[in-house]
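>>> Let's see this in three dimensions:
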Amino acid sequence: MASDGPTRSGTVVDALRGTRLVCRVLGLAIPSVSLAWAGDVPRMVGWVLYTEQFLAAVLGLALALIFLTIRSGNRDAEVPPWHDIAAAVLSIAAGAYAAIDYADLINDLSYRPAYLVAFGFVLVGLCVEALRRVVGWPLTIVVLGFMAYALVGHLVPGQLAGRPLDLPKLAVYLGVDTNGILGRPLMVASTIVIPFILLGRVLSSSGGSAFFTDLSVALMGRFRGGSAKISIVASSLFGSISGSAVSNVATTGVITIPLMRDSGYSPREAAAIEAAAFLMAEFLQISYTEVVVAAVLPALLYYFALFVLSDLEAGRRGILPIDRSEIPSLRQVLATGWHFPMPFIVLIVALFSFNLSPQTSAMLATAVLAVTGVLVGYQGKRMRLSGLVEALESTGRAVLDLILICAGAGIVIGVLNLSGLGFGLTMTLVEVGGHSLPMLLVLAAGVSILLGMGMPTVGVYVLLAALVAPALVEMGVAPIASHLFVMYFGMMSMLTPPVALAAYAAASVTGTEPMRTGASAVRFAWSAYLVPFLFVASPSLLLQGSAVDVGLAALTATAGIWVVSIGIVGYFRRPLGPLVRPALVISGLALLVPAGAFDGALWTDVAGAAVGTLLLAGTHPKVLPPP
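Numbering: from 1, shown residues only. So this is what the prediction gives:
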């Protein structure tokens, strides 16, 4: 019996090594397959493939890695049990089968033979269980709810009634059809988002996050409330690549939050500023050129509001600049990190000047960053070639939730198309809104925040784009404005209590009470609750229209945000009285209305500007008594 212990331990060690090796291969394979497809490698070697064949391969790899690394209820268990190993093997087999024989599968789709029904059941079942493991129950319950509706929707009365469907037809459609799991959401994630996430991982490995933090300190450290402004700048620079509010709070936030706290901001406000600053970075996950252009001005207005609020709060509290000994030399920071802007220049030029695809542009930028990271480095530290391999592997692990969320979104969209529920939901929302666009916008904003609570970014957007945005388009709102509207309010769930994930992550760093942090984050991010209504009313805020209209809208919106922020904080050169503050908020809101929003809107701007100017001119700096 004594000899069994070492033998058993040796078996466990061997199993652990084997599992780690397989997981590492899978982690490397997922982004490698994506990059090969984005680089058009199959065509170069003479292979003519369906896009769904590539998607099936990526999905099979992701499913296998999930079952080998994430246990039910214990994400850190190292040696998987036999049933997880069996699920991983089945995932590889299903992905490989679809990747090889998809042409035959799609040809037999309308006949629904037994083998195809079995394949659909297996793939859908694996996806639902894997989705539960990576993101938990909220989104999984939504997906299961839609699948249940598909089977009983014909019994629902009224406009929400669906077509009669049976289980075999549903399984085949969701598992094989191009409008199901292997649909557009998974394609966008696998072909476009993965290269951008790899860019962010290489940036982090090469010292880019440290460079952005140092640059922010050098630029903003000398101003009052500089610690909060450092957080805003660092978050916008690094967060635009990371694409996750919660993960950004957990990375640069561990540096900037203590800095704000030490400078005089309360821990709750420090956490709130950090959570709010990361929110806009979520929009870059839909990084097509026209969306980026449309989102530029709202993003700038959002960050301007954060800057104004942090500056006024610093003035009200008497918060000084951070100690000069802690501020690095801007010249030194730029001298050692001069190469970090290069990949972003390549990315912008490739997208806007050469009209290359987003994934190709991201690959070019990553290549430039990898070369400069290895040859130049930052602060005397160069990235090793092994760091590139680690970045590739970490990308494969980082995109697991993304891939499964998009697979789940494919199930939802498949049910909407197959049952006819999508059309019914659109008509119902329009009727509930009373055919009134303002009422529909308020309803859509509330539904977006509600549906977004507790759900990851990609899942929020895809769900809202399928359920809520079509109703806005039906009421005449421009499609890009509709999608940005639901994206804004879906992301506001990251800040809006009771499920404010980004605020809660920031609160965990400061040790403050999560709900109060969420409330403070809402205060700092107030403009994000208002700007979507404005750009729906006037496309000029989305850079659509003449240069005069766009310029006037930007000018009045900037002035309005400044005036409203003064009213919210209650400080401008000195503390303001209780009557002046609401008057400033009202005049600022009048200024915020774009001149092209409705007939006569120009005069609301004029009135807001006049009243705001008079109120601010009447405030005088607080005169301290002589010593």
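>>> where does the stretch 101-250 of the chain have low pLDDT?
By pLDDT under 70, the weakly predicted segments of the stretch 101-250 of the chain are 225-250.
>>> where exactly do the helices run in it?
Remark: helices of the stretch 101-250 of the chain, listed N- to C-terminal, are 114-135, 137-152, 167-176, 184-188, 194-205, 208-220, 226-242, 245-251; assignment by DSSP state H, counting those that start in this stretch.
>>> residues contacting V48?
Taking CB atoms under 8 Å, 6 or more residues apart in numbering as the contact definition, V48 lies against P42. C-beta: built from backbone N, CA, C; applies to glycine.
>>> Give the helix, strand or coil label for it.
Using DSSP: H, G, I helix; E, B strand; the rest coil, the three-state assignment for V48 comes out as coil.
>>> repeat for the one 10 residues further on
Three-state call for V58 (three-state DSSP): helix.
>>> Tally up the residues packed near the residue nearest to it when sequence neighbours are not counted, please.
Residue nearest to V58 in three dimensions, not counting chain neighbours: S190, with 4.7 Å by CB to CB, 6 or more residues apart in numbering. For S190, the count of nearby residues is 29 (other CB atoms under 10 Å).
>>> can you check T11 too?
T11 is surrounded by 11 other residues when neighbours are defined as other CB under 10 Å.
>>> do you know how far it is from P81?
Separation of T11 from P81 (CB to CB, to the nearest Å) stands at 14 Å.
>>> Distance from the chain centre to the longest helix seen in the chain, please.
When the chain is parsed with DSSP state H, its longest helix is helix 4-38. Using CA atoms, centre = their mean, to the nearest Å, the mean C-alpha position of helix 4-38 is found 30 Å from that of the whole chain.
>>> Repeat that for stretch 50-68.
Its chain's average C-alpha position is 22 Å from that of stretch 50-68, according to CA atoms, centre = their mean.
>>> And for stretch 347-362?
In this view, stretch 347-362 has its centroid 20 Å away from the chain centroid, taken as CA atoms, centre = their mean.
>>> thinking again about what came up before, what distance do you get for the residue nearest to V58 to T336?
Applying CB to CB, one obtains 36 Å for the distance of S190 from T336.
>>> just A478 next, same as before
As for A478, its distance to T336 is 45 Å (criterion: CB to CB).
>>> repeat for G39
Taking CB to CB as the measure, G39 and T336 are separated by 32 Å.
>>> From the neighbour counts alone, determine which of these two ranks first.
For G39 versus T336, neighbours defined as other CB under 10 Å are more numerous around T336 (18 against 14).
>>> if I read this right, that one contacts Y378, doesn't it?
Yes - taking contact to mean CB atoms under 8 Å, the distance of 5.9 Å between T336 and Y378 places them in contact.
>>> residues shared between the contacts of those two?
In terms of CB under 8 Å, 6+ apart, T336 and Y378 are both contacted by the residues F211.
>>> Packing partners of the helix or strand harbouring L300?
Here L300 sits within helix 289-317, counting by DSSP states H and E. Contacts defined by 3 or more CB pairs under 8 Å, 6 or more residues apart in numbering; DSSP states H and E place helix 289-317 against helix 226-242, helix 267-279, helix 479-491, helix 514-524, helix 526-537, helix 547-569.
>>> hmm, who's touching the fifth one?
The set of residues external to helix 526-537 that reach it, using CB under 8 Å, 6+ apart, is 276, 279-280, 298, 301-302, 305, 437, 441, 445, 472, 477, 481-482, 484-485, 488-489, 491-492, 495, 522, 541-542, 557, 561, 564, 568, 589, 592-594, 597-598.
>>> Against V142, how distant is P578?
Here the distance between P578 and V142 works out to 45 Å (CB to CB).
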